[in-house]
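Novice: Sequence first, predicted model second:
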Amino acid sequence: MSWLDIIFPRYCLGANCEGQQRLLNKYELGLLCPECRDKNLTWIDQPSCLRCGQWYGEGALTFDQCRNCIDQPHAYTAIRSSLVADEHSMELLKAWKYDKQVGIWQEMQIWTQAWQKHIDNLTEIHDLQHPLIVPVPTTRASYMKRGFNQAEWLAQELNKQLNKQLIKQLTKQTALDGTANYSDCLISKNKNKQARLLRSQRLKNPGSKGAASQQFDIKKLRQSTKAKLLNRDILLIDDICTTGATAHACAKVLKRELKARNVFLLTLLRKTW
Ligand SMILES: [Zn+2]
Ligand SMILES: [Zn+2]
């Protein structure tokens, strides 16, 4: 037992263990026991639409592009998410936004590890090379309220995971040259949270409003810093994807300002419809 377990004994919060006071042991990180993590959460192994990452349910067919993607072309190349945004996963994600307690963060780290298979898959399909990891920026108002940008934590976590792997693969440290893997180069110019439109709202205001109302830009960068960010494959990181409008808006800026090759969005959760 670690001292954290003594101070904060962790009980599985999953529905299978409800009322049983199932204590998590030191090898069981996070908030759920492995069985509950498997049974209560819906993991996306492969999305139904390989572009926007939408998921139609277990056993549904897989398409290169869905109807939405054909009707509304977007600037990003693909979206992938670890889990379906349902009652269970949303509850845990929300808990993290308001409480950075160690168990919750461990749970989020486990969810980010599920990105690896998606990255492998994207590498195969799109020849992803040495990607630059960029968090989706938050508005100043929301940062002030929460005190942190969850996307930034997730992006740094992924950067750590990928670097660890890289070091394992490399025999020579020299291959880890000065090329940046992580950059918080995007800034949000949105005045309020409303820019993150819900699909229902967007459907009420058809046309370009959803994406157009989201404004992102590139930070002022030194020439030498910017040079390392040019012509890269980019993994955008966010906690949740609702419509893909944020990914589209960010990808447009990254392509225009940094000549990004391909922009992918990785999120923990995916809203489905
Ligand atoms: Zn459990
Ligand atoms: Zn699609």
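Specialist: Looks like it came in fine. Ligands and ions are numbered 1, 2, ... in the order given.
Novice: count of residues packed around residue 138?
Specialist: By other Cβ atoms under 10 Å, the residues close to residue 138 number 21. Glycine gets a C-beta too; all of them are placed from N, C-alpha and C.
Novice: isn't it right up against residue 154?
Specialist: No: taking contacts as Cβ atoms under 8 Å, residue 138 lies outside contact range of residue 154: 12.0 Å.
Novice: Quick one: name the residues of the stretch 1-150 of the chain near ligand 1.
Specialist: Counting by Cβ under 5 Å from the ion, the stretch 1-150 of the chain comes close to ligand 1 at 12, 14, 16, 17, 33, 36.
Novice: residues from this structure in reach of ligand 2?
Specialist: 49, 51, 52, 66, 69.
Novice: so the last one sits right up against residue 52, yeah?
Specialist: Yes: with contacts counted by Cβ under 8 Å, residue 69 reaches residue 52, the gap being 5.2 Å.
Novice: the more surrounded of the two?
Specialist: Ranked by neighbour count (other Cβ under 10 Å), residue 69 and residue 52 place residue 52 first, with 25 against 19.
Novice: Who are the contact partners of that one?
Specialist: The neighbours of residue 52, taking Cβ atoms under 8 Å, 6 or more residues apart in numbering as the test, are 66, 68, 69, 74, 78, 79, 244.
Novice: separation between it and ligand 1?
Specialist: 32 Å (Cβ to the ion, to the nearest Å).
Novice: next one: residue 95
Specialist: Noted for residue 95: a distance of 16 Å to ligand 1, by Cβ to the ion.
Novice: And for that residue, nearest residue in space, chain neighbours not counted?
Specialist: residue 104 (5.6 Å; Cβ to Cβ, 6 or more residues apart in numbering).
Novice: ok so that neighbour is a helix residue?
Specialist: Yes: residue state for residue 104 (DSSP: H, G, I helix; E, B strand; the rest coil) corresponds to a helix.
Novice: Contact partners for it?
Specialist: Contacts for residue 104 were tallied using Cβ under 8 Å, 6+ apart; they are 30, 31, 92, 95, 96.
Novice: Buried ones in the helix or strand the third one falls within, by neighbour count?
Specialist: So that's residue 92. For residue 92, the host element (DSSP states H and E) is helix 87-98. For helix 87-98, the neighbour count (16 or more other Cβ atoms under 10 Å) marks 88, 89, 92, 93, 95, 96 as buried.
Novice: ranges for the helices of the stretch 51-200 of the chain?
Specialist: For the stretch 51-200 of the chain, the helices defined by DSSP state H, counting those that start in this stretch cover 67-71, 87-98, 102-113, 115-126, 140-146, 150-169, 199-204.
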